[in-house]
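>>> Provided below are the primary sequence and the corresponding predicted coordinates.
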Amino acid sequence: MMPINGVHLPRNDRGGTPTILITGATDGLGKALAFELSGHSGIRLVLHGRSPERLDKLEKELTGGPADIITVQGDFAELAQVARLADRIRGLTDDISVLINNAGVSAGHARQLSADGHELCFAVNHLAPFLLTKRLLPLLRAGAPARVVNVASLSQTSLDFDDLTMAHGYTRQRAYSASKLALVMAGMELAERYDPGVLTVNSVHPGTYMPTKMLDSPDLSIDSLDTGVRSTLRLAFAPELAHITGRFFDRGTETHSHPDAYRSELRTELWDISNQLTAD
């Protein structure tokens, strides 16, 4: 197999073809990752998107490359769809070597609720990847040594556990920043529960103001998509990070997350609430 981002992806413990799942793969960073990885043989790419039309377009664009491509659809704003998505993935593969939780949303100026009544950013950026990862844990264990990479942000703010729907004090920035901190905190808590020889979980701020749909104006762009691709793939494949888990990275450099991420009682509270909110 050719190296990915300069790194050779090891076979899973079963010796089979590694499966890499990318959520939010139809545009922005996710699409750039899909194009980068599709050029490598010996891997199976499972690419998620919300829009069937965009998924079809992506699949056609990637047809002919050496990687095996599978597309799966699901709207992260509805937890039932996330659960069905996980079930579909479990029917497509026996194991996952890398899960890149990339799908996300930037809040609108007016508070919005998901189909399940959760604040939209909290639902899409945290609860959906939490549920998907939870349901795919058997496949990640089967793909050991496996890695989960959460695409987060340097923009983080404390969660109000008494008002997770942000009925009071909603702002666009606060909603986004709280949801990204929740993603990081849940990742750190999951990392605590697994031997890094089986599963590592890390979060990354892939780039600042990359030219994606999250950015209001492309003129504000600072980092290129290539920066985001390199940052994300390093966490997914670099051998020197094989046993590094529960960390937060600013692009290629390990750094500190928000102080709340290191408070075990807050992580546990978030974990328990998230389990309750994503229960069948």
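Done, it's in.
>>> so where's the protein shaky on pLDDT?
The model of the chain has pLDDT under 70 over residues 1-15, 210, 212-221.
>>> residue boundaries of the strands in it?
19-22, 44-49, 68-73, 98-101, 146-151, 199-205, 248-250, 253-255 (DSSP state E).
>>> reformat those as CSV; add mean neighbour count.
All C-beta atoms are positioned from the backbone trio N, CA, C, and that covers glycine. Formatted as CSV, these follow (neighbours: other C-beta atoms under 10 Å):
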stretch, mean neighbour count
strand 19-22, 26
strand 44-49, 24
strand 68-73, 17
strand 98-101, 27
strand 146-151, 27
strand 199-205, 25
strand 248-250, 21
strand 253-255, 10
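>>> to Arg263, which of those strands lies closest?
Each of the strands of the chain has some distance to Arg263 by C-beta to C-beta; the shortest is strand 248-250, at 14.2 Å.
>>> run the chain-centre distance for that closest one.
14 Å (C-alpha atoms, centre = their mean, to the nearest Å).
>>> other SSEs contacting it?
strand 199-205, strand 253-255 (3 or more C-beta pairs under 8 Å, 6 or more residues apart in numbering; DSSP states H and E).
>>> may I see those strands arranged in a markdown table, with distance to Ser231 as well?
Formatted as a markdown table, these follow (distance: least, C-beta to C-beta, whole Å):
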| stretch | distance to Ser231 |
| --- | --- |
| strand 199-205 | 6 |
| strand 253-255 | 9 |
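>>> which stretch among these comes nearest Gly30?
Of the helices and strands packed on strand 248-250, nearest to Gly30 by C-beta to C-beta is strand 199-205, at 13.5 Å.
>>> give me the sheet partners of that closest one and which way each runs.
Applying DSSP bridges to the sheet, strand 199-205 is found paired with strand 146-151 (parallel), strand 248-250 (parallel).
>>> mind putting the ones you listed in TSV, distance to Glu78 included?
Compiled in TSV, these are given as follows (distance: least, C-beta to C-beta, whole Å):
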stretch	distance to Glu78
strand 146-151	20
strand 248-250	29
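>>> quick one: the helices in this structure, in order.
28-38, 52-62, 79-92, 120-121, 128-142, 172-192, 225-237, 264-277 (DSSP state H).
>>> possible to save those as CSV with distance to Arg251?
Shown next, in CSV, are the helices of the chain (distance: least, C-beta to C-beta, whole Å):
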stretch, distance to Arg251
helix 28-38, 12
helix 52-62, 25
helix 79-92, 28
helix 120-121, 22
helix 128-142, 20
helix 172-192, 15
helix 225-237, 4
helix 264-277, 24
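>>> nearest to Asp223, out of the strands of the chain?
Nearest to Asp223, of the strands of the chain and by C-beta to C-beta, is strand 199-205 at 9.8 Å.
>>> just the angle between that closest one and helix 225-237, please?
160 degrees (axes from the mean of the first three to the mean of the last three C-alpha atoms, to 10 degrees).
>>> hang on, the earlier thing: please identify the deepest-packed of the helices of the chain.
helix 120-121 (a mean of 25; mean count of other C-beta atoms under 10 Å).
>>> residue contacts, Leu183?
Listed by C-beta atoms under 8 Å, 6 or more residues apart in numbering, the contact partners of Leu183 are Asn101, Asn125, His126, Pro129, Phe130, Asn150, Ala152, Ser203.
>>> same thing but at 7 Å, please
By C-beta atoms under 7 Å, 6 or more residues apart in numbering, the residues touching Leu183 are Asn125, His126, Pro129, Asn150, Ala152, Ser203.
>>> thanks a lot, see you next time.
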